[in-house]
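Novice: Let me see the structure of the following:
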Amino acid sequence: MALTEAQILAQNRWWTNSAWRAEDPHLALLEAQPLRLAVDFVAELDLGRPGIHILRGPRQVGKSTDLKLLVERALAAGHPPRSIVYLALDLLEDQSLSDFAVSVERAKGLAGGDSPGLILLDEVTAVRRWQTAVKSLWDQGTIGEDVVVCTGSSAIDLQRGAAERLPGRRGAGVDHLILPQSFAAFAHAVGDGIPPSPGLTVGALRTPDGVALLREMRLHGPALDAALRRYLRFGGLPAAVAEALSRAHDPSARVKRVLEDSLTGEIQRRGASVPAAHALLERVVRSLGSKISWSAMAREMDVPLGGRGRPDHQTVRDYIELLAAGYFLFVAYFWRSGSQTNEQSRDKKVFFADPLLHTIALDHAPGLTADTAALVENAIGAALLRRYEPPDRLIETFALPERLHIWQTARGGEIDFVCGTRRELDVVEVKYREQPGLAAAHAAARSHPGRPTVLASKDTLHFGERYTLIPAHTLLWALG
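Specialist: Have a look, this model is predicted:
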């Protein structure tokens, strides 16, 4: 059934009430947080050019709050209140396309606002074949002159919608990705006086300015180290960051449940079970930082993922890639050292996109404890993915990054990460221990002569002619 007039009015209080902010649940939660983190999407969205924007990202990353912040921004810029329409479409879950269309048309008619307007369609993936409904409204002219923002959290449905790309019906619209806060943002929020990150590449850290910056950041070494230890437990979801700021020792069951419910929901939409989701995450924990194959993961799991019987390699791959599409995990493939092409090995590593999911996985894996060195490698891999992957590709590449790989040497060894294009790779090796030694740094530099090379240590800063040793917490901060 389509949204009623009462439901629409309840969701658009700014039409009649200038004090709506005090009653808005999303902004009330934001106001209660000890720190408001910057949101580039809200500040940068062009409110003057019609188009259909798709705002993607995991659940509870703040997409609904971002829409309400857009309402605030539009009103402050002088947009008439009744030209701004917000609809929470999770109330239409599994409803028909016609119900969706009627809801949008009813809301625009009730507002009576002049076009162009700002139309905010929250959780659009609750509507089956949502992209068809949006296309139809655009073609009919219902939203053809508006700035439209669609959000959603279903990895399956957003993938299907993005694949079609609403051809010819996007106007100025593009895809936007909202992810949990990076370590750099987390450290700036919780650390004592830690400055904002400069967002540098590995190559920039090897320049004279980069060297000077690294020397200066030694003053913040203890605060960065403390922030990293907290980040590896809490991660970057806004609610988790808020708890970290409150000096909680660990994330609460409430915060963990939000993320866990989101992941198991995606798994169940594919016909798998909650125990299957836990078993899959446990397997990722056990292999963190190690080379894996889909076949090996399937052999070591004793819980069916879907259907009957033991999982096979294709089933495991499908589920891992589903979770990567939902920004829960990411996969980094090996590059073959003897090939001059972009040919990749079948070998790969699977990582958590946010540390909180690792914390949750440990809750369901009695006997497993956190491997801090592997978690640091995971965090560095995630930071490199976000730094090097082109923004327009990052949305689609958590399952198959184009600019982040592991280097497979001719002798069967590996370099933890190579970043960038094949001809212009930056090299990162992770040795998170008290005395990392220089042999690993020599080997990493030797693998790609002349290319910027960094070894992430636990607390050693050392400048060599061919490489630099940087404490992992400082490297993570510098990458942004």
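
Novice: Please make it C-alpha for all contacts and neighbour counts, starting now.
Specialist: OK.

Novice: show me where this structure has strands.
Specialist: For the chain, the strands defined by DSSP state E cover 51-56, 84-88, 118-122, 147-151, 175-177, 329-336, 344-352, 404-408, 414-419, 426-430, 453-457, 462-463, 468-471.

Novice: then the longest one to PDB, C-alphas only?
Specialist: Pointing back at strand 344-352 there. Coordinates of each C-alpha in strand 344-352 appear next as PDB, following Å, rounded to 0.1, in the frame of the first residue of the first chain:
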ATOM      1  CA  GLN A 344      46.200 -11.800 -11.600                       C
ATOM      2  CA  SER A 345      46.800 -15.000  -9.700                       C
ATOM      3  CA  ARG A 346      44.000 -17.100  -8.400                       C
ATOM      4  CA  ASP A 347      45.500 -16.500  -4.900                       C
ATOM      5  CA  LYS A 348      44.000 -13.800  -2.800                       C
ATOM      6  CA  LYS A 349      43.500 -12.400   0.600                       C
ATOM      7  CA  VAL A 350      40.100 -11.400   2.200                       C
ATOM      8  CA  PHE A 351      40.000  -8.500   4.600                       C
ATOM      9  CA  PHE A 352      37.300  -6.800   6.800                       C
END
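
Novice: And A155, what's its pLDDT?
Specialist: Note for A155: predicted pLDDT of 56.

Novice: actually P167, sorry about that
Specialist: Model confidence at P167 (pLDDT) stands at 51.

Novice: any idea how the protein splits into domains?
Specialist: When the chain is parsed with automatic domain parsing, its domains come out as 5-177, 183-479.

Novice: Columns mean neighbour count on top of the ones you listed, output as CSV?
Specialist: Putting those into CSV (neighbours: other C-alpha atoms under 10 Å) gives the following:
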stretch, mean neighbour count
domain 5-177, 18
domain 183-479, 19
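
Novice: weakest of these by average pLDDT?
Specialist: domain 5-177 (a mean of 82).

Novice: Centroid-nearest residue for this structure?
Specialist: L179 (3.2 Å; C-alpha atoms, centre = their mean).

Novice: which residue sits closest to that residue, ignoring its sequence neighbours?
Specialist: G57 (5.8 Å; C-alpha to C-alpha, 6 or more residues apart in numbering).

Novice: on that earlier part again, dump the strands of the chain to JSON lines, plus distance to Y231.
Specialist: As requested, those are arranged in JSON lines below (distance: least, C-alpha to C-alpha, whole Å):
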{"stretch": "strand 51-56", "distance to Y231": "23"}
{"stretch": "strand 84-88", "distance to Y231": "32"}
{"stretch": "strand 118-122", "distance to Y231": "29"}
{"stretch": "strand 147-151", "distance to Y231": "27"}
{"stretch": "strand 175-177", "distance to Y231": "21"}
{"stretch": "strand 329-336", "distance to Y231": "17"}
{"stretch": "strand 344-352", "distance to Y231": "13"}
{"stretch": "strand 404-408", "distance to Y231": "22"}
{"stretch": "strand 414-419", "distance to Y231": "21"}
{"stretch": "strand 426-430", "distance to Y231": "18"}
{"stretch": "strand 453-457", "distance to Y231": "17"}
{"stretch": "strand 462-463", "distance to Y231": "25"}
{"stretch": "strand 468-471", "distance to Y231": "16"}
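
Novice: and P251, which of the ones you listed is closest to it?
Specialist: strand 344-352 (16.7 Å; C-alpha to C-alpha).

Novice: which strands and helices sit next to that closest one?
Specialist: Contacts defined by 3 or more C-alpha pairs under 8 Å, 6 or more residues apart in numbering; DSSP states H and E place strand 344-352 against helix 274-287, strand 329-336, helix 372-388.

Novice: what about 7 Å?
Specialist: strand 329-336 (3 or more C-alpha pairs under 7 Å, 6 or more residues apart in numbering; DSSP states H and E).

Novice: quick one: which of the strands of the chain is nearest P25?
Specialist: That would be strand 84-88 among those, by C-alpha to C-alpha, at 12.6 Å.

Novice: mind listing what the closest one pairs with, with the direction of each?
Specialist: Strand 84-88 pairs in its sheet with strand 118-122 (parallel), by DSSP bridges.

Novice: Next up, the contacts around D250.
Specialist: Shown in contact with D250 (C-alpha atoms under 7 Å, 6 or more residues apart in numbering): R233, F234.

Novice: ok, and what's touching stretch 1-21?
Specialist: So stretch 1-21 is contacted by L27, P81, R82, V85, Y86, L87, Q95, D99, F100, V102, S103, A107 (C-alpha under 7 Å, 6+ apart).

Novice: who's Y86 bridged to?
Specialist: Applying DSSP bridges, one finds that Y86 bridges with L120.

Novice: For it, give its distance to K108.
Specialist: Distance of Y86 to K108, computed by C-alpha to C-alpha, to the nearest Å: 10 Å.
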